[in-house]
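# Predicted model follows, preceded by the sequence.
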Amino acid sequence: QVQLVESGGGLVQPGESLILSCTTSGFTFRNYRMSWYRQAPGKERELVAEISSTGDSTNYADSMKDRFTISRDNVKNILYLRMKSLKPEDTAVYYCRAASGVSGYWGQGTQVAVSS
């Protein structure tokens with residue numbers, strides 16, 4: 001069955017860095033556009049970054065484009081999000097998503113908390 005499992009979240013202090021991973025199985029990863037979303041308490045889920053199926057095209061939310069980097073490994077079927085200079089407002093549950101045409105899958109999320 002399709003699985004997307006996020007990992008790498010945790011509690012960090014402002015200014016620190018984290019690397020999130022999304023390990024996938026059960027679908028042809030290299031054919032899917034992949035994205036990271038996040039949802040903070042009391043807020044709607046928002047797009048963080050997305051990457052094309054080949055990895056040669058990326059897109060970021062304006063507030064994150066200078067601090068976050070999305071990448072993928074189409075051999076290991078893993079999606080990454082490197083986050084630096086984290087701020088308290090980055091606190092949220094981070095989700096990965098796979099999309100191709102009408103098909104789409106979500107992971108269960110990983111919590112990121114930024115606090116001093």
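On my side now, so go ahead. Residues are numbered from 1 along each chain as shown.
# Contacts only, for the nearest residue to residue 39 once chain neighbours are set aside.
Leaving aside its sequence neighbours, residue 39 sits nearest to residue 45 (Cβ to Cβ, 6 or more residues apart in numbering; 4.2 Å). (Each C-beta comes from the backbone N, C-alpha and C, glycine too.) Contacts for residue 45 (Cβ atoms under 8 Å, 6 or more residues apart in numbering) come out as 37, 38, 39, 95.
# neighbour-wise, which of the residues you listed leads?
Counting by other Cβ atoms under 10 Å, residue 38 has the largest number of neighbours within the contacts of residue 45, with 23 neighbours.
# what sits opposite that residue in the beta ladder?
According to DSSP bridges, the partner residues bridging residue 38 are residue 46, residue 94.
# got a list of what it touches?
Residues in contact with residue 38 (Cβ under 8 Å, 6+ apart) are 45, 46, 48, 90, 92, 93, 94, 95, 112.
# By neighbours, which of those wins?
The most neighbours of any of the contacts of residue 38, using other Cβ under 10 Å, belong to residue 48, which has 25 neighbours.
# Which helix or strand contains that residue?
Assignment of secondary structure by DSSP states H and E places residue 48 within strand 46-51.
# and that strand, average pLDDT?
Within the predicted structure, the mean pLDDT of strand 46-51 is 98.
# The helix or strand following it: which residues count as buried?
Sequence-wise, the next helix or strand beyond strand 46-51 is strand 58-60, with elements assigned using DSSP H and E. Within strand 58-60, the residues that count as buried by 16 or more other Cβ atoms under 10 Å are residue 60.
# Would you give the sheet partners of strand 58-60, along with the direction of each?
strand 46-51 (antiparallel).
# Could I have the CA atoms of the strand it pairs with written out in CSV?
Taking only C-alpha atoms (Å, rounded to 0.1, in the frame of the first residue of the first chain), the coordinates of strand 46-51 have been written out as CSV:
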residue,chain,number,x,y,z
GLU,A,46,-0.3,26.0,3.7
LEU,A,47,2.2,25.1,1.0
VAL,A,48,5.8,25.3,2.0
ALA,A,49,7.6,24.1,-1.1
GLU,A,50,7.1,21.8,-4.1
ILE,A,51,9.5,20.0,-6.5
